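S.K.: dropping the sequence and predicted coords here.
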Amino acid sequence: MTLFNLSIYNLATLFLFNTAILVASVKIIIDTASSKLYAKYFVHSVFIFLLSFFSTQILAEIGTGKLYFAKPMVDLPVYLFIIFDLFLCTLEILFAISFIKTNNSIIGKNSIKESLDNLPDGICFSKLDGTPLLVNRVMQDISYAVFGNMLANDLVCARDIENNNIKKEARILHRDPLVVEALGDIWYIKILIHNNLRETLAYKITLEWGLYQEIEEKNRQIEKINKSLKEYQKNVAEYTRQKEILQAKIKIHDKIGQSLIYFKCYLDMNEKTKEDRDKLINLWMESLLMLGEKDDFLSEKNDLSKSRAKFEKLISTAKDIGVTVHVEGVTPTNEGDLNFLLEIVHEALNNAIRHGQAKNIWIKLEEGNLNIHCKIKNDGVLSKEPIVKKGGLKNIRQSIENCGGKMKIEVDSGFTLNLSWPKGGKYDI
């Protein structure tokens, strides 16, 4: 069957299909002409248009009966014309795909502006006199939120910032570098000067600013803590100095008190010999010598051998004035425990001589896995009045209880102190 033998309905259907191909080719010509890509795309689109126009013109002439271009085609088989239309349709589709792909890979005249508008930060390029050349959407929004109008001159905006001429809703958080609050976010404004251009950038730093404020607050807190620690350090130094002075006074007081007690015992003796006087004089000389040995009574760093020597000296001194000290058990091997025991025995000895006129003192020591047990008993005269824990006994009780120990006084068969304290503790008498 030829084109000339087609029915009016089939011819109309074929004409409509070719008209659609012609319209598509016209659209391709318009797109290639407006894109101004390459000349070959425009030439190819014109060629496709001419082919589409030629096939449509043939059908139109056959339909009207006025044959011009269609005269040679009246005997053309229909299937060949349909193949030609399919070829045109395929050619237009392939051309459109190639054109769209090429067009998307090339930067157009609005591509830069569209890309800048899609950035989350504000950008403005202007001349050195402040005239804007390129401003993205975010920068325009910031300008409107801060100044109440669109960005018209970069230098004018800088002067308004300097004069604090901004909207009430906006705030200047920092000036060097410039940080402003607008649009519900925090913006860091940075200006770069190129050869003949001025670039203004607005970075969104809402999260960073929040972290910066937290760090500033923590730094202020740390500064207060440091100030408090410095004040505390001064107080500790003053407390330590006062404590050392007090310890020195207590040791001097105890030494002189001991000398006075021994002197009283000497006066109470019925028979006084030159040997007794010499021992008493030596004791007083030791007390006077102690006043000049500042390092000795202020220092708490005594080695174990010196502590043992002091303990033996205390026992021998007591014997010189007529008081025998009987020690049962092994003295502590820890320096702190031995010094603590020395202070306790010293105080117990003074009390036994001063209040009970004792002649014998028994000290029983037992050392367990965790605690040291000490029992001190004397043969002095018991007081008829209730025993009041004051002075040395009070200090000993407080020191033992502070380190977790216990103290108990018994008077059933002579004055007895039952003591126990943890081994290797820190003591302060």
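M.R.: Great, that's in hand.

S.K.: using the three-state scheme, assign residue 128.
M.R.: Recorded secondary structure, residue 128: coil (DSSP: H, G, I helix; E, B strand; the rest coil).

S.K.: which stretches of the stretch 51-200 of the chain form helices?
M.R.: Secondary structure of the stretch 51-200 of the chain (DSSP state H, counting those that start in this stretch): helices at 78-104, 111-117, 137-147, 154-162.

S.K.: try the stretch 201-350 of the chain
M.R.: With helices called from DSSP H, counting those that start in this stretch, the stretch 201-350 of the chain shows them at 206-268, 274-292, 294-298, 304-320, 335-356.

S.K.: buried deepest among the helices of the stretch 51-200 of the chain, which one?
M.R.: Of all the helices of the stretch 51-200 of the chain, helix 137-147 has the most neighbours on average by mean count of other CB atoms under 10 Å, namely a mean of 20. Quick note: C-beta positions are derived from backbone N, CA and C, even for glycine.

S.K.: which neighbouring elements make contact with that helix?
M.R.: helix 111-117, strand 122-126, helix 154-162, strand 178-182, strand 198-204 (3 or more CB pairs under 8 Å, 6 or more residues apart in numbering; DSSP states H and E).

S.K.: next one: it to chain centre, how far?
M.R.: Centroid separation for helix 137-147 versus its chain: 35 Å, with CA atoms, centre = their mean, to the nearest Å.

S.K.: what mean pLDDT would you report for it?
M.R.: Mean pLDDT, computed over helix 137-147, is 91.

S.K.: can you check stretch 347-367 too?
M.R.: Stretch 347-367 shows a mean pLDDT of 80 in the predicted model.

S.K.: cool, stretch 19-37 as well?
M.R.: On average, stretch 19-37 scores 84.

S.K.: tell me which residues of that stretch are tucked away?
M.R.: Along stretch 19-37, these residues count as buried under the neighbour rule (16 or more other CB atoms under 10 Å): 21, 22, 24, 25, 28, 29, 31, 32, 37.

S.K.: residues in contact with residue 188?
M.R.: Contacts for residue 188 (CB atoms under 8 Å, 6 or more residues apart in numbering) come out as 177, 178, 179, 202, 203, 205.

S.K.: please list only the buried members of the residues you listed.
M.R.: Buried subset of the contacts of residue 188 (neighbour count, 16+ other CB under 10 Å): 178, 179, 202, 205.

S.K.: now the first one: closest residue in space that isn't a chain neighbour?
M.R.: Of all residues beyond its chain neighbours, the one nearest residue 178 is residue 189 (4.2 Å), with distances taken as CB to CB, 6 or more residues apart in numbering.

S.K.: how close does the one you found get to residue 182?
M.R.: Remark: distance between residue 189 and residue 182 (CB to CB, to the nearest Å) = 10 Å.

S.K.: swap in residue 20?
M.R.: Residue 20 sits 53 Å away from residue 182, going by CB to CB.

S.K.: over to residue 402?
M.R.: In this view, residue 402 and residue 182 are 63 Å apart by CB to CB.

S.K.: again, but for residue 35
M.R.: Taking CB to CB, one finds residue 35 at 39 Å from residue 182.

S.K.: looking at the chain, which helix or strand is least sure?
M.R.: The least trusted helix or strand in the chain, going by mean pLDDT, DSSP states H and E, turns out to be helix 294-298, with a mean of 45.

S.K.: contacting residues for residue 366?
M.R.: 329, 372, 373, 374.

S.K.: in the helix or strand where it lies, what's buried?
M.R.: Assessed by DSSP states H and E, residue 366 sits inside strand 360-367. The neighbour-count check on strand 360-367 (16+ other CB under 10 Å) flags 361, 362, 363, 365, 367 as buried.

S.K.: check which element follows it along the chain.
M.R.: Immediately after strand 360-367, counting by DSSP H and E, sits strand 371-378.

S.K.: how far is that following strand from where the chain is centred?
M.R.: On the basis of CA atoms, centre = their mean, strand 371-378 sits 54 Å off its chain's mean C-alpha point.

S.K.: thought residue 3 was touching residue 76?
M.R.: Yes: using CB atoms under 8 Å, residue 3 is in contact with residue 76, at 5.5 Å.

S.K.: ok, those two, which is more surrounded?
M.R.: residue 3 (20 against 15; other CB atoms under 10 Å).

S.K.: wait, what's in contact with the more buried one?
M.R.: Going by CB under 8 Å, 6+ apart, residue 3 touches 11, 58, 59, 62, 70, 73, 74, 76, 78, 81.

S.K.: also residue 151?
M.R.: By CB under 8 Å, 6+ apart, the residues touching residue 151 are 124, 132, 135, 139, 140, 143, 157.

S.K.: if we go to 6 Å?
M.R.: By CB atoms under 6 Å, 6 or more residues apart in numbering, the contact list for residue 151 reads 132, 135, 140, 143.

S.K.: distance of it from residue 125?
M.R.: Distance, residue 151 to residue 125, by CB to CB: 11 Å.

S.K.: swap in residue 215?
M.R.: Taking CB to CB as the criterion, residue 215 is separated from residue 125 by 34 Å.

S.K.: of these two, which one has the most company?
M.R.: Between residue 215 and residue 125, residue 125 has the larger neighbour count (other CB under 10 Å), namely 18 against 10.

S.K.: tell me where the model's unsure across the stretch 251-400 of the chain.
M.R.: For the stretch 251-400 of the chain, applying pLDDT under 70 flags the ranges 252-259, 261-262, 265-266, 269, 272, 276, 279-280, 282-303, 355-356, 383-392.

S.K.: and with 50 instead?
M.R.: Residue ranges of the stretch 251-400 of the chain with pLDDT under 50: 289-301.

S.K.: re earlier: deepest-packed of the helices of the stretch 201-350 of the chain, please.
M.R.: helix 335-356 (a mean of 20).

S.K.: tilt between it and strand 360-367?
M.R.: 160 degrees (axes from the mean of the first three to the mean of the last three CA atoms, to 10 degrees).

S.K.: which ones among the buried residues of stretch 19-37 map onto helices?
M.R.: The members of these that map onto helices under DSSP state H are 21, 22, 24, 25, 28, 29, 31, 32.

S.K.: setting aside sequence neighbours, what's the nearest residue to residue 54?
M.R.: Leaving aside its chain neighbours, residue 54 sits nearest to residue 69 (6.9 Å; criterion: CB to CB, 6+ apart).

S.K.: and the one you found, its phi and psi?
M.R.: Torsion angles at residue 69 (phi, psi; degrees, to the nearest 10) stand at phi -70, psi -20.
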